[in-house]
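Enquirer: Pasting the sequence and the predicted coordinates here, then a few questions.
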Amino acid sequence: MATPANKEAFTELIAQNKGIIYKVSSSYCNNKEDREDLAQEIILNLWKSFPRFEEVSKFSTWMYRIALNVAISYYRKETRTAIHAPFDESLVVFDEVNDEDENVSLLFRFIGELREMDRSVILLYLEDKGYKEIAEITGITETNVATKISRIKQNLKTSFLNNQNK
């Protein structure tokens, strides 16, 4: 059962880690409305799971795991239902990325074109997560993480070069 203390702790943790939700939503959705819908879906799933958070891992690690799983399955659903969150919806309103930095926009676009697992891995890497933590969140081995990161970086580099040559 949700208590005011649980709700307050949850809201504070979400506010502190809002960037995770923004990055995951931005990497899996192209337009603002879809990003906000996905963010709300992520927060709802975090809220439902919050009573089971055991603090064995860092909150951000736990949050990434849930956010990425929700994002991956979000568009696999054939129908979406309206959700009514038990918290302030201002948590899902994001400031847009500064459009003056075209490279950031391009990076999110190129990341959005990656396969789902690759997208998850590179988002965590860009968040300065170590290979061990990325492996824990994604459920793959550290060796596989290292291999994927190397290949993804090469693919992103190629995408940027191809974009410059247009």
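Expert: Looks like it arrived, so ask away.

Enquirer: now the helix or strand Thr61 falls within: how far from the chain's centre is it?
Expert: Here Thr61 sits within helix 59-74, counting by DSSP states H and E. Relative to its parent chain, helix 59-74 has a centroid offset of 6 Å by C-alpha atoms, centre = their mean, to the nearest Å.

Enquirer: What count of nearby residues applies to Asn6?
Expert: Residues within reach of Asn6, counting by other C-beta atoms under 10 Å, total 13. Backbone N, C-alpha and C define where each C-beta goes, glycine included.

Enquirer: Spatially nearest residue to it (excluding sequence neighbours)?
Expert: Phe50 (6.8 Å; C-beta to C-beta, 6 or more residues apart in numbering).

Enquirer: After the helix holding Thr61, which helix or strand is next?
Expert: Helix 59-74 is succeeded, C-terminally, by helix 102-112 (DSSP H and E).

Enquirer: Buried ones in that following helix, by neighbour count?
Expert: Going by neighbour count (16 or more other C-beta atoms under 10 Å), the buried part of helix 102-112 is Leu107, Phe110, Ile111.

Enquirer: Among the residues you listed, find the lowest-pLDDT one for me.
Expert: Least confident of these in the model: Leu107, at 83.

Enquirer: Give me the secondary structure label for the closest residue to Thr138 other than its chain neighbours.
Expert: The spatially closest residue to Thr138, leaving aside those adjacent along the chain, is Ser120, at 5.6 Å (C-beta to C-beta, 6+ apart). What DSSP: H, G, I helix; E, B strand; the rest coil gives for Ser120 is helix.

Enquirer: and the helix or strand containing Thr11, average pLDDT?
Expert: Assigned by DSSP H and E, Thr11 falls within helix 4-16. Taken as a whole, helix 4-16 has an average pLDDT of 86.
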